[in-house]
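Visitor: Coordinates for the following, if possible.
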Amino acid sequence: MPLKLMTIEDASAFLQIEAKELRALVTSGEIPCIRQGERIMFEHDELDNWYSNRLVRHIPIRHCEYAKTVPDEMRIADYCRVETMETNLAGKTKPAILRALTELAERSGLLYDPKEFLDNIQKREEVASTAMAEGIALVHPQTRDEYTCEAPFIAIAKTSKPVFFGEENGVPTDIFFIVCSPDAQEHIQLLAKLCQAIAKGKLLNALREATSPDEMMAAVENE
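Guide: Presented below is the predicted three-dimensional model:
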């Protein structure tokens, strides 16, 4: 598959930050880029994954807060449904959890190829774990396109006991969000929106107290 290259203008629009801020990240070596003489280019998938990793690790782009990347009208609940809520996710190991999460995502009826989706989220975890210090993981595919899913969705599951999912400080994980969108920009907006909600703490507490998919969905709707 040929590389999809982006200019400074393309990349700043994609990340929704000013071009001068993007140039500062290039100068400091904080962002992956390709130099073609005096031109600076960005490979789309690398840029997408770079920003996704920063969101998962709670590293905003310099002074750019998550809110700048998220439309005011975006609501997590609009991407969720009761069918993709699970209060007792099976699996005690990371591979087993990823298989169970794929089965949960398949309940949405929106995946084109569940086997490819599983392979894609496994590849993403090989790059860096999506587990966060709050005891959650924002699981998502390594690459996204119009053949990933029919429409964007978020699925949420929790385990009866926390499992080690790769958080860098060894914090176990008990809540898993699956984030899937065929559109790369919408994908990072959804991640950013979830990071906003997670930072408040209310959503995670409500999800941990929920005893049924209906209660999990209500927790999301109340966020």
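Visitor: and after the longest helix along the chain, which helix or strand comes next?
Guide: Identified as the longest helix of the chain according to DSSP state H is helix 184-200. Using DSSP states H and E, the helix or strand that follows helix 184-200 in sequence is helix 202-209.
Visitor: Give the buried residues for the helix or strand just after that next one.
Guide: Note on helix 202-209: by DSSP H and E, the next helix or strand toward the C-terminus is helix 213-221. For helix 213-221, the neighbour count (16 or more other CB atoms under 10 Å) marks 213, 216-220 as buried. C-betas here are computed from N, CA, C, even on glycine.
Visitor: Can you list the buried residues in the longest helix of the chain?
Guide: Across helix 184-200, burial judged by 16+ other CB under 10 Å covers 184, 186-196, 198.
Visitor: is it true that Val56 touches Ile136?
Guide: No - using CB atoms under 8 Å, Val56 is not in contact with Ile136; the gap is 9.8 Å.
Visitor: what about the two, which has more around it?
Guide: Set Val56 next to Ile136 and count neighbours by other CB atoms under 10 Å: Ile136 wins out with 25 against 21.
Visitor: What are the phi and psi values at the more buried one?
Guide: phi -130, psi 170 (degrees, to the nearest 10).
Visitor: same check, this time on Leu138
Guide: Main-chain dihedrals, Leu138, degrees, to the nearest 10: phi -100, psi 80.
Visitor: wait, isn't it in contact with Ala192?
Guide: No - using CB under 8 Å, Leu138 is not in contact with Ala192, being 10.5 Å away.
Visitor: Find residues that contact each of those two.
Guide: Counting by CB atoms under 8 Å, 6 or more residues apart in numbering, the contacts common to Leu138 and Ala192 are Leu55.
Visitor: any weak-confidence spans in this structure?
Guide: 1-3, 58-70 (pLDDT under 70).
Visitor: Run through the helices of it in chain order.
Guide: So, for the chain - with DSSP H - the helices run 8-15, 19-27, 44-56, 94-106, 114-127, 184-200, 202-209, 213-221.
Visitor: which other residues reach the first one?
Guide: Going back to what we said before, that points to helix 8-15. 6, 18-19, 21-23, 40, 42, 44, 47, 51, 61, 64, 69, 184-185, 188.
Visitor: Are any of the residues you listed buried, and if so which?
Guide: 6, 22, 40, 42, 44, 47, 51, 61, 69, 184, 188.
Visitor: mind listing what the last one touches?
Guide: Going by CB under 8 Å, 6+ apart, Ile188 touches 15, 48, 51-52, 55, 69.
Visitor: how about CSV for these, with distance to Thr173 added?
Guide: Formatted as CSV, the contacts of Ile188 follow (distance: CB to CB, whole Å):
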residue, distance to Thr173
Leu15, 27
Asp48, 23
Tyr51, 22
Ser52, 17
Leu55, 17
Thr69, 25
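Visitor: how about these, which pair is most distant?
Guide: Taking CB to CB as the measure, these span a maximum distance of 12.6 Å, between Asp48 and Thr69.
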